[in-house]
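*Asks:* Turn this into a model:
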Amino acid sequence: VRRTMLRQFVEGFHAAHIDRISALSLAAPDGNGDSGDRQFRIAAGYGAMIEFLRGGLDPELVDVRTGTVAQVLRWKAGSVILDATSATGAELEPFVARAAVVAIPHAVLRGKLLRFDPPLPEKEKAADRLETGQVFKITLRFRESFWEKDGRRPNFVHAPNVEVPVWWTPLRAPAPLPTGWAGGPRAEWLLELDDGERVERSLDSVARVFGVSRHEVDDQLDSWLSYDWLADPFS
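*Replies:* Numbering: from 1, shown residues only. This is a model prediction of the structure:
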């Protein structure tokens, strides 16, 4: 039982393969201080955090460029030149500075989508030894919260025997918006399917998790939203 729970935790929470994750990383503190088993989410979505951080920048000192794709960073002591394109692929004027801070997702670094001249072999070798897990996440909007019965309102459900095993609903703002989650190998399998098949698997999972007929689930469905980070070159 413990081995099964550990596998589900590694694959679901860490979105990792059980044979690739570091045992040392699992034993390390999670860095959440005294939060214990509590989790925190931004009610307005993570876009609010980005806008908050952007609002604290001095426009006299910082110029935020969106729709700008970094391609090649050429560097030497005391000088860097960044070649970039627009979102449509048009070449832009190079960015020239004395130094650069590079902060990109590990998968983008590992995929060498940003090239360095001269190369950084030691950092590339380190990046190649790290792994990035995949997740599948979908939010369904129903007309009613049909899973609420006899005054019970399940907020978080983990059902390992279905294809989308984790589901949660908004806690502070009651709404018929369950979010489904799968991580690791199961997410990779789901992401190989087309959009329609992913929705089908998700609706099947909802019906089984909440003990209702698939017909009722289909009848209640208004819309759905999912995002494929695996297909996003910037993630």
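*Asks:* the helices in this structure, which residues?
*Replies:* For the chain, the helices defined by DSSP state H cover 2-12, 23-27, 47-55, 106-110, 121-128, 185-191, 195-210, 214-220.
*Asks:* Give me the mean pLDDT for the second one.
*Replies:* Going back to what we said before, that points to helix 23-27. Here helix 23-27 scores 82 as its mean pLDDT.
*Asks:* Check the fifth one too.
*Replies:* Model confidence over helix 121-128 averages 91 on the pLDDT scale.
*Asks:* now it, how far from the centre of its chain.
*Replies:* 23 Å (CA atoms, centre = their mean, to the nearest Å).
*Asks:* Then the fourth one?
*Replies:* Averaged C-alpha coordinates place helix 106-110 at 14 Å from its chain's average position (CA atoms, centre = their mean).
*Asks:* cool, the longest one as well?
*Replies:* Per CA atoms, centre = their mean, the displacement of helix 195-210 from the mean C-alpha position of its chain is 20 Å.
*Asks:* can you list the residues that contact that helix?
*Replies:* Outside of helix 195-210, the residues within contact range by CB atoms under 8 Å, 6 or more residues apart in numbering are 136, 138, 140, 146-147, 154, 157, 159, 162-165, 167, 178, 180, 190-191, 193, 212-214, 216-218, 221, 224, 226. To be clear about C-beta, it is placed using only N, CA and C from the backbone, and glycine gets the same treatment.
*Asks:* Buried residues in that helix, which are they?
*Replies:* Residues of helix 195-210 classed as buried by neighbour count (16 or more other CB atoms under 10 Å): 198-199, 201-203, 205-210.
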